[in-house]
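# Based on what follows, work out the 3D shape:
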Amino acid sequence: MPSAFHCLRPSFKRKPKRRGSKHPKKISESTNLATDDAAGGGDASFDLKSSASTSTASGGRRGIGVGGSLVQPLGNLLLAAARRANLRDSGLGALRPLPDDLILDVLGLLPARDLAALSAASKAFYVISSHDPLWRAIVLAELGGDFAFAGSWRTTYIAAASGRAHCPPRALEIKGFYSDYLFQSRLCANMEMRTEWLERDTIDRRRGLSVEKFIAEYEEPNWPVLLEGCLDTWPALQKWTREYLLEVSAGKEFAVGPVSMPLDRYFLYADNVQEERPLYLFDAKFAEKVPEMGSDYEVPVYFQEDLFKVLGEERLDHRWIIIGPAGSGSSFHVDPNSTSAWNAVIKGAKKWVMFPPEVPPPGVHPSADGAEVTSPVSIMEWFMNFYGACRT
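Numbering: from 1, shown residues only. Modelled structure (predicted):
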């Protein structure tokens, strides 16, 4: 057993202890700081982030290494020049017939000590038990937002449990593990966004548009538009540096996924994370928590008429601060309460993909009543497999 897991190992006895989202039609991918106010196809090549370790097998497709273990797609095994066995099959025992996603669902029910103990059962279980989304769920469930991200969720948990924040776990070097499911997950976590995915496409860009023309050409037809110049007088454009935000928000916590955390902890996470679905800071009470932030922007003239104002204190959430690292963002959705939303990007860049309300996006399959939706696990997976179909 790796030495980093010793603090998690049960004394003798073991303690017993993805899919789909609702409301399609709009997806956003970002590396941004923004306010939000409501009134594959094709080439199979890819570029990996500089921090990802890789190995090119004889089949031509690369494996992706995380924490010392190398995971390759099944095609590499089939095309290998030398006959070899899949370490996965020999190491999973009676669980071998189960698909990897089902095995991960089962392992997701285990507490940290049992998951750590299972990693010592075989090299195959070490690879699967080190799957970082398993440890992300444990960290968020046990620690909430009170953690210092240490490069991976597993390392973060071990540091918190052992009290050795500066002692990263020793990773085993394991090769010969082939799994399309785990490879896809690691690929999506380590892949750079392609240039063509980030190009500006078909949405109108207008500057100096009158309110009357905006209503006639965009609001009434329900047509998206990028309005340029609306932010030029906002204090936020100059003031919202990282240092300023940390200063004015000191002692405050913001909603990040299922937990809350102060901004300094979130920045530590965002600076170091490399996962398929990064956590997104999405807080509806930022202006109440930090009044300075609420006074650093103003509603553009196009959206001054706001019928929700008549609700007074009973008004629903209507404005959000959004912060996320590269690759973060929302999945396909329809904005709630029949509202229209305006968004302003203050720092970074944000990619929007929008479809008419009656058109399901490629790869997204809502049920007849719209209550359930089957869709790709992550934004990156959708871009890899379906974005090309939107451009043809």
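# So the residue positioned nearest the centre of the chain: helix, strand or coil?
Per Cα atoms, centre = their mean, the C-alpha nearest to the average position across the chain is that of Arg277, at 2.3 Å. Under DSSP: H, G, I helix; E, B strand; the rest coil, Arg277 falls in the coil class.
# can you give me the helices for the stretch 1-150 of the chain?
74-79, 87-91, 100-107, 112-118, 123-129, 132-143 (DSSP state H, counting those that start in this stretch).
# Identify, out of these, the most deeply packed stretch.
Ranked by mean neighbour count, those are led by helix 123-129 with a mean of 23 (mean count of other Cβ atoms under 10 Å). Where C-beta positions appear, they are placed from N, C-alpha and C, glycine not excepted.
# before we move on, back to that, need the helices of the stretch 1-150 of the chain in TSV with mean pLDDT, can you?
Below are these laid out as TSV (pLDDT from 0 to 100):
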stretch	mean pLDDT
helix 74-79	85
helix 87-91	92
helix 100-107	96
helix 112-118	96
helix 123-129	95
helix 132-143	97
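# which one of these lies closest to Arg194?
Across the helices of the stretch 1-150 of the chain, Arg194 has its closest neighbour in helix 74-79 (21.2 Å, Cβ to Cβ).
# which residue ranges form the strands in this protein?
Per DSSP state E, the chain carries strands over the ranges 26-38, 53-56, 62-66, 69-72, 174-178, 204-207, 225-228, 253-256, 259-262, 281-283, 319-333, 341-354, 365-366, 373-374.
# Summarise which helices and strands the fifth one is packed against.
Here strand 174-178 is seen to pack against strand 69-72, helix 74-79, helix 87-91, helix 123-129 when contacts are counted using 3 or more Cβ pairs under 8 Å, 6 or more residues apart in numbering; DSSP states H and E.
# Pull out the buried residues from it.
174, 176-178 (16 or more other Cβ atoms under 10 Å).
# So for Pro99, what's the nearest residue that isn't a sequence neighbour?
Of all residues not flanking Pro99 in the chain, Tyr181 sits nearest, at 7.1 Å (Cβ to Cβ, 6 or more residues apart in numbering).
# how about the helices of the stretch 1-150 of the chain in CSV, adding distance to Thr374?
Shown next, in CSV, are these (distance: least, Cβ to Cβ, whole Å):
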stretch, distance to Thr374
helix 74-79, 23
helix 87-91, 26
helix 100-107, 14
helix 112-118, 28
helix 123-129, 24
helix 132-143, 19
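# so which of these comes closest to Asp306?
With Cβ to Cβ, the closest approach to Asp306 among the helices of the stretch 1-150 of the chain belongs to helix 132-143: 34.9 Å.
# ok, and what's touching that closest one?
Residues from elsewhere that reach helix 132-143 (Cβ atoms under 8 Å, 6 or more residues apart in numbering): 66, 104, 107-108, 111-112, 115, 147, 152-154, 156-157, 160, 185, 189, 257-259, 275-276.
# and it, C-alpha only, in PDB?
Provided in PDB are the C-alpha atoms of helix 132-143 (Å, rounded to 0.1, in the frame of the first residue of the first chain):
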ATOM      1  CA  ASP A 132     -10.300  11.500  -8.800                       C
ATOM      2  CA  PRO A 133     -14.000  12.200  -9.100                       C
ATOM      3  CA  LEU A 134     -14.500   9.500  -6.400                       C
ATOM      4  CA  TRP A 135     -12.300  11.600  -4.000                       C
ATOM      5  CA  ARG A 136     -14.000  14.800  -5.100                       C
ATOM      6  CA  ALA A 137     -17.300  13.500  -3.800                       C
ATOM      7  CA  ILE A 138     -15.700  12.400  -0.500                       C
ATOM      8  CA  VAL A 139     -14.000  15.800   0.000                       C
ATOM      9  CA  LEU A 140     -17.100  17.800  -0.600                       C
ATOM     10  CA  ALA A 141     -19.300  15.500   1.500                       C
ATOM     11  CA  GLU A 142     -16.900  15.400   4.500                       C
ATOM     12  CA  LEU A 143     -15.100  18.700   4.300                       C
END
